[in-house]
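Trainee: Provided below are the primary sequence and the corresponding predicted coordinates.
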Amino acid sequence: MSMREMPPTNSDICAQSMSSSLKKCKDNMRRRFNDEQIKSLENMFETESRPELRTKQQLAKRLDLQPRQVAIWFQNKRARSKSKQLELEYRMLQISYEKLGSKYELLKKEHESLLTQLQRLRKLTEEGGNEEIQNEGNKLETEVKPEQFVPETCSPEFGLPLCEDSRGIDYLGPESDTLNMAQIADGLSEIENECRFESRTFLDDSACRSPLWEF
DNA sequence: TTGTGTTTTATTGCCTCC
DNA sequence: GGAGGCAATAAAACACAA
């Protein structure tokens, strides 16, 4: 049995010292709480993280601790709990960010492939003047132009190539590889909205069934 | 055994609320 | 103004590799 499992209480330690120095002993001796004390404190914390004074006093009496020790324990426990929570939330955000990045790459590839397809069809149209192919090309053109890909302006000062024509087919240059931070932020908040994590339940996988997570 | 990093208990100082 | 909470920090206790 390790020392951690069964450390002597303040009373155990101090009972062995001379009674005249008992108070000094209790004041100066810093001992870790024993398992029973920790267990009771933890149990209480689960039901009430900020117990009333009376509750703390009762608990202190039962556990052979000073009320102040119990109060301090709850204070430290709240601090530990909070930092653990922050750590978890940070990790969740990190995962969301990575997933969003993968999604972006996937969409980019899909977009590039559609553009290639479109260009091929246009070429065929120009060569053959086939009306059926032309219609197909026009249809594709509208599909390839989702709202989010249309730049506000087509100007070199925004790092974008000049618009080739009003249909905006060639507006995406190599610069589009640069991840737009505003889009990421939007995406993150979207994920957060779709996958709200509550303090106690956010790690529960069932709480998050957004299609975004399926990537 | 010892050096070092981590965890736990305790203190201090500031802030808010009644 | 006193009580209680929180953040920052000190210091003791503990874990563990070398």
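Mentor: That came through fine.
Trainee: and chain A, which of its residues are near DNA strand B?
Mentor: Within chain A, the residues that sit near DNA strand B (CB under 7 Å from any atom of the strand) are A:Arg30, A:Arg31, A:Arg32, A:Phe33, A:Ile38, A:Arg68, A:Gln69, A:Ile72, A:Trp73, A:Gln75, A:Asn76, A:Arg80. The C-beta positions use only the backbone N, C-alpha and C, and glycine is treated the same way.
Trainee: Which ChimeraX command selects the buried ones in those residues?
Mentor: Of those, the buried ones can be selected in ChimeraX as follows, counting by 16 or more other CB atoms under 10 Å:
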select /A:33,69,73
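Trainee: Dump the residues of chain A next to DNA strand B to CSV, plus secondary structure and distance to A:Leu107.
Mentor: Conversion of the residues of chain A next to DNA strand B to CSV gives the following (DSSP: H, G, I helix; E, B strand; the rest coil; distance: CB to CB, whole Å):
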residue, secondary structure, distance to A:Leu107
A:Arg30, coil, 58
A:Arg31, coil, 59
A:Arg32, coil, 54
A:Phe33, coil, 54
A:Ile38, helix, 51
A:Arg68, helix, 58
A:Gln69, helix, 57
A:Ile72, helix, 53
A:Trp73, helix, 51
A:Gln75, helix, 48
A:Asn76, helix, 47
A:Arg80, helix, 41
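Trainee: Format the residues of chain A next to DNA strand B as JSON lines; extra columns: pLDDT.
Mentor: Supplementary listing: the residues of chain A next to DNA strand B in JSON lines, determined by pLDDT from 0 to 100:
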{"residue": "A:Arg30", "pLDDT": "73"}
{"residue": "A:Arg31", "pLDDT": "84"}
{"residue": "A:Arg32", "pLDDT": "93"}
{"residue": "A:Phe33", "pLDDT": "96"}
{"residue": "A:Ile38", "pLDDT": "96"}
{"residue": "A:Arg68", "pLDDT": "95"}
{"residue": "A:Gln69", "pLDDT": "96"}
{"residue": "A:Ile72", "pLDDT": "96"}
{"residue": "A:Trp73", "pLDDT": "97"}
{"residue": "A:Gln75", "pLDDT": "97"}
{"residue": "A:Asn76", "pLDDT": "96"}
{"residue": "A:Arg80", "pLDDT": "95"}
